[in-house]
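S.K.: Quick one, structure for this:
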Amino acid sequence: AAPPIGQYCYTMTMWSLYFSAAVLHALASVASSATTLHSVPPRTPAAPPPPASASATFTVALDTRTTSTFATDLVTKCFGSSHAATALTADWQRQLTQVQADLGTEYVRFHGLLDDDMSVVIPWHVLPHAAAATSAPALQSAANQTCIFRDGVDYHDPAGPVVTVKSREECCAACYTVPTGLPEPCVAAVFQEASGKCYLKLSDLNPINGSGSGITACVTNRESPKGYMFSWVNIFRVFDFLQSIHVRPVVELSFMPSLLASDPTQTGFWYRGGHSIPKSFDDWREFMSALVTALVDRYGLTEVEQWYFEVWNEPNCGFYATAPCCGPTCGNRTAYTELFVNTFKAIKKVAPTLRVGGPSTAQLGWLDTFIEAAAAADAFPDFVSSHLYPTDPYINHTRNGFAEAIAGAAATVASTAKRLAHPAPPLLITEFNCGLGQNCADHQFAGSFVAHQAVMAQATADAIPFQSYWTFSDIFEEQGQAPSEFSQAFGAQSIHGVPKPVYRAMQLLRRLHSEQVAATAVGAGASIVDCVVTRSAAADGQAYAVEILLVNHPTGPVKLPYDGAVGDNNTVAVTLDLAGVKLSSEVELRRVDDMHSNALPLYLSLGRPPYPNTTTLGSLLAASQTTVAVLKPRQRERASGFYLDVQLPPYSVASLSFSIDTI
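M.R.: Predicted coordinates:
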């Protein structure tokens, strides 16, 4: 996520509401109908639009045999999320289930999988085990079974079995030979002369000196336990759920568990994710190996091969080996390279076919130097990942500046790999959205931005398989959760699952077919309008289902008023000239703009209630719904075909759906 420090510091206050089971049931009932595009009121004639300030005409030959491919999933294949612990909650799971159903989402990414609140690395303690032996076994060769004997010394639990012996030497030998019933071996034993009891201990970390006469500690030459153990319970709970809804994780390997950290006080965010380097890379590699082994054992190698293991999050923004700035030139690259190489090799030792990558930097930083350093350490990444927001200071803040920066990053990855004689790894944009600090997330601006970016992303689809929108929900706790249904938090849905305009725009994107037909544009308005024409041919090749997407995204980043008002400047009158075909259905029009598929105006008119009740939430869900209007075509005067006229206000998306017969 965006950094809390540096050159574009920001603070976002998020929020949380907890409703009773009855309320959640009511919300789920409303959401199940209101968030599905096809559950809509009866069709109505299209409402008169505001006057246009420019025009654009797009001429399309729908019966052409020359087509291209349009990838409909580049901005919906993966979503970001709040930290991993929230994935254990029912609301989070309900919303992601809806996202997957509506948008076909395949991956989700979140911070904090390894955080202390996930209980992954926990203090070591004795677990139930089988009954211990009651007497010492026959002694084996004692050549390497040496002990230091310390009179009058006892040790704290955790304790292992108790056996009966005749001497402290036999007690020492028992510590080496008697099974403890646990993975941890005996490292010290305490011999009680009067009873002949030998108490096997699994830890010699906390001696109690001067416990009394008649007691002798037998300390072996075995290494003491590390004082911690691994628990995969919560990771399995999250990943089991993802498997159940056919979503895979982008496994962001963050943050540092406090028991492995060299400095446990280096933390960030409300939930205190650890930013320290590990105190021992031997221990870190053991941890990574154990984690990946557990995942492969549970889910199978074939499945886990489809996941992405992304090493850390934004090491150039203060989230690793803390640095005082955020940006492409910030951070400790040497420290991160050491982390990446150790992680890469630990995972590859378990399964060489697993996909491991990084550097997960902010602002497209470090891409070439990361690849070079990893290659030099024989750890060439399987993919490269980074983040970008259109408000970041190192890119052009124009309408196409964001897409141009991403295309440049893909070119950098490819050229660096070529120079090193490696195939170019894919570039994953594992965080993006409409921008930081400009009140866009709840606004129709986010919808037109993402739709425009989906169009621009077609040019780099082979190099960048997805761009992950940050985030799918306002269930988000980086700075805690604050009371408001719409607070310009990052999500495509509000905290209770009310879809925002960006969510509805993504649904319109997913309506597109994969076969794209070119459109020739004229008119001043064409410079700010995207027109995507797609079709799906019937079996006889003579009839087509047609889906057209129109996007008016006139600017780069804009500081927006909270109420979302932007005026009518940049409204464009669009005409679609469709020749040589015969319309065989009604033309359905769906819109996302300031008045359609948008609950924010209603929320503002209600006084921005911080804790909306179920009635209000139902109204907001209804206001967010995408409705269908009927658009009347204009017939061509001297040739076959027809015209469609649509006026697009600024920051809007429209979808046209109809069927045709070729002539």
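
S.K.: residue at max distance from the center of this protein?
M.R.: Largest separation from the mean C-alpha position in the chain: Ala194, at 62.2 Å (Cα atoms, centre = their mean).

S.K.: I'd guessed Pro649 sits against Thr571; true?
M.R.: Yes - here Pro649 reaches Thr571: they are 5.0 Å apart, a contact under Cβ atoms under 8 Å. Any C-beta I mention is one placed from the backbone N, CA and C, and that applies to glycine too.

S.K.: Between these two, tell me which one has more neighbours.
M.R.: Shown here are Pro649 and Thr571; by other Cβ atoms under 10 Å, Pro649 has more neighbours (24 against 20).

S.K.: Distance-wise, check the more buried one relative to Ala629.
M.R.: Distance of Pro649 to Ala629, given as Cβ to Cβ, to the nearest Å: 15 Å.

S.K.: How far does stretch 556-566 sit from its chain's centre?
M.R.: Averaging C-alpha positions (Cα atoms, centre = their mean, to the nearest Å) puts stretch 556-566 26 Å from its chain's average.

S.K.: for stretch 100-117, same thing?
M.R.: Relative to its parent chain, stretch 100-117 has a centroid offset of 5 Å by Cα atoms, centre = their mean.

S.K.: What's the end-to-end length of it?
M.R.: 26 Å (Cα to Cα, to the nearest Å).

S.K.: try stretch 153-162
M.R.: From its first residue to its last, stretch 153-162 covers 17 Å (Cα to Cα).

S.K.: how far away is the residue lying closest to Ser53 once chain neighbours are set aside from Phe241?
M.R.: Of all residues beyond its chain neighbours, the one nearest Ser53 is Thr571 (5.3 Å), with distances taken as Cβ to Cβ, 6 or more residues apart in numbering. For Thr571, the distance to Phe241 equals 44 Å [Cβ to Cβ].

S.K.: isn't Val574 right next to Tyr643, touching?
M.R.: No - look at Val574 against Tyr643 with Cβ under 8 Å: they stay out of range, at 10.4 Å.

S.K.: what mean pLDDT does the one helix or strand Leu578 maps to have?
M.R.: Per DSSP states H and E, Leu578 falls inside strand 572-579. Averaged across strand 572-579, pLDDT comes to 95.

S.K.: got it, and stretch 398-418?
M.R.: pLDDT averaged over stretch 398-418 gives 97.

S.K.: Over to stretch 482-494?
M.R.: The average pLDDT for stretch 482-494 rounds to 87.

S.K.: So which residues of the stretch 451-600 of the chain form helices?
M.R.: For the stretch 451-600 of the chain, the helices defined by DSSP state H, counting those that start in this stretch cover 501-511, 600-605.

S.K.: most tightly surrounded among those?
M.R.: Per residue and on average, the most neighbours among the helices of the stretch 451-600 of the chain fall to helix 501-511, with a mean of 26 (mean count of other Cβ atoms under 10 Å).

S.K.: outside of that helix, which residues touch it?
M.R.: 35, 37, 72-73, 75-76, 102-104, 434, 441-444, 446-451, 454, 469, 492-493, 547, 549, 590, 592-593, 597-598, 600, 624, 626, 653-655, 657 (Cβ atoms under 8 Å, 6 or more residues apart in numbering).

S.K.: for the stretch 1-150 of the chain, what spans make up the strands?
M.R.: With strands called from DSSP state E, counting those that start in this stretch, the stretch 1-150 of the chain shows them at 44-45, 54-60, 68-69, 78-81, 107-110, 121-123, 147-151.

S.K.: okay, those in a markdown table with mean pLDDT, mean neighbour count and distance to Thr267 next?
M.R.: Formatted as a markdown table, the strands of the stretch 1-150 of the chain follow (pLDDT from 0 to 100; neighbours: other Cβ atoms under 10 Å; distance: least, Cβ to Cβ, whole Å):
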| stretch | mean pLDDT | mean neighbour count | distance to Thr267 |
| --- | --- | --- | --- |
| strand 44-45 | 49 | 10 | 54 |
| strand 54-60 | 94 | 20 | 51 |
| strand 68-69 | 94 | 11 | 46 |
| strand 78-81 | 97 | 26 | 20 |
| strand 107-110 | 98 | 23 | 17 |
| strand 121-123 | 88 | 16 | 15 |
| strand 147-151 | 89 | 15 | 39 |
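
S.K.: Arg355 is nearest to which of the ones you listed?
M.R.: Arg355 lies closest to strand 107-110 among the strands of the stretch 1-150 of the chain, at 11.9 Å (Cβ to Cβ).

S.K.: Partner strands of the closest one and their direction?
M.R.: Paired strands of strand 107-110, with direction, are strand 78-81 (parallel), strand 248-253 (parallel) (DSSP bridges).

S.K.: Need those in TSV (columns: distance to Val311).
M.R.: Output for those, formatted as TSV (distance: least, Cβ to Cβ, whole Å):
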stretch	distance to Val311
strand 78-81	17
strand 248-253	5
